[in-house]
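Colleague: just coords:
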Ligand code: HEC
């Protein structure tokens with residue numbers, strides 16, 4: 001008797017687990033309810049101290065600017081794209097100087113500085129082309145470059161960010 005009660009208990013628990021899982025898979029239960037999610041991952045990123053590291057400072061500015069870019073490109077707002085780009089002025093120069101003077105340490109593959117600088121150059125050339133496209137409010141071109149820029153972020157991080 002005791003044993004069958006126990007197996008019934010296990011069965012009920014299993015059925016409930018399956019039910020919860022199915023509801024979750026069907027997205028009827030929001031993920032946040034099942035897994036406590038840190039509600040501000042971006043704040044975590046920006047909270048990291050920039051100290052005197054121009055690369056981190058550039059990245060944090062770039063991070064904000066890229067989000068604004070995406071929003072502006074999505075609504076075909078060339079002026080908005082241009083404005084997002086201007087917020088980054090001067091950051092690349094500081095990073096370059098930092099690399100030269102040794103203040104900036106590249107976290108991964110630090111010996112491949114040349115390759116890093118080359119990737120950075122290509123990336124910033126795209127930013128310049130984007131500024132031109134934004135002035136013309138050229139929707140197709142703005143979209144193409146913005147997509148390419150995201151590839152640039154990810155490629156560089158894979159190679160040089162720990
Ligand atoms: C040429 C290389 C390169 C490109 C291009 C690049 N990044 Fe980075 N990024 C880095 C490196 C290296 C780090 C790690 C720096 C460190 O931890 O010292 C980094 C770090 C970051 C961080 C974390 C900053 C922190 O506080 O820890 C963010 C966010 C970021 N990048 C966003 C972007 C975005 C968004 C783009 C594209 C729009 C981008 N990056 C393009 C090299 C790059």
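Modeller: All right, it came through fine. Fair warning: this is a prediction, and the values are worked out from it, not measured in the lab.

Colleague: Close to the ligand: what parts of the protein are there?
Modeller: Of all the residues in the chain, those in contact range of the ligand (C-beta under 6 Å from any ligand atom) are 45, 48, 55-56, 59-60, 62-63, 66, 106-107, 116, 119-120, 123, 149, 152-153, 156-157, 160-161. Where you see a C-beta, it was placed from the backbone N, CA and C, and this is true even at glycine.

Colleague: Just the residues you listed: which are in helices?
Modeller: Within the residues of the chain next to the ligand, residues falling in helices by DSSP state H are 45, 55-56, 59-60, 62-63, 66, 116, 119-120, 123, 149, 152-153, 156-157, 160.

Colleague: Report the buried members of these.
Modeller: For these, a neighbour count by 16 or more other C-beta atoms under 10 Å gives the buried set as 55-56, 59-60, 62, 66, 116, 119-120, 123, 149, 152, 156, 160.

Colleague: Which one of the residues you listed is nearest to residue 21?
Modeller: Comparing these against residue 21 with C-beta to C-beta picks out residue 66 as the nearest, at 35.9 Å.

Colleague: Please tell me how far that closest one sits from residue 143.
Modeller: For residue 66, the distance to residue 143 equals 14 Å [C-beta to C-beta, to the nearest Å].

Colleague: Flag the shaky bits of this structure, pLDDT-wise.
Modeller: For the chain, applying pLDDT under 70 flags the ranges 1-3, 23-51.

Colleague: does residue 110 count as helix, strand or coil?
Modeller: Secondary structure assignment for residue 110 (DSSP: H, G, I helix; E, B strand; the rest coil): coil.

Colleague: First-to-last residue distance for stretch 89-107?
Modeller: Taking C-alpha to C-alpha, to the nearest Å, the first and last residues of stretch 89-107 lie 24 Å apart.

Colleague: Work out for me the element residue 92 sits within.
Modeller: Using DSSP states H and E, residue 92 maps to helix 91-101.

Colleague: and that helix, what does it pack onto?
Modeller: Here helix 91-101 touches helix 54-74, helix 113-136, going by 3 or more C-beta pairs under 8 Å, 6 or more residues apart in numbering; DSSP states H and E.

Colleague: Among these, show me which one is buried the most.
Modeller: Mean neighbour count (mean count of other C-beta atoms under 10 Å) peaks for helix 54-74 among the helices and strands packed on helix 91-101, with a mean of 18.
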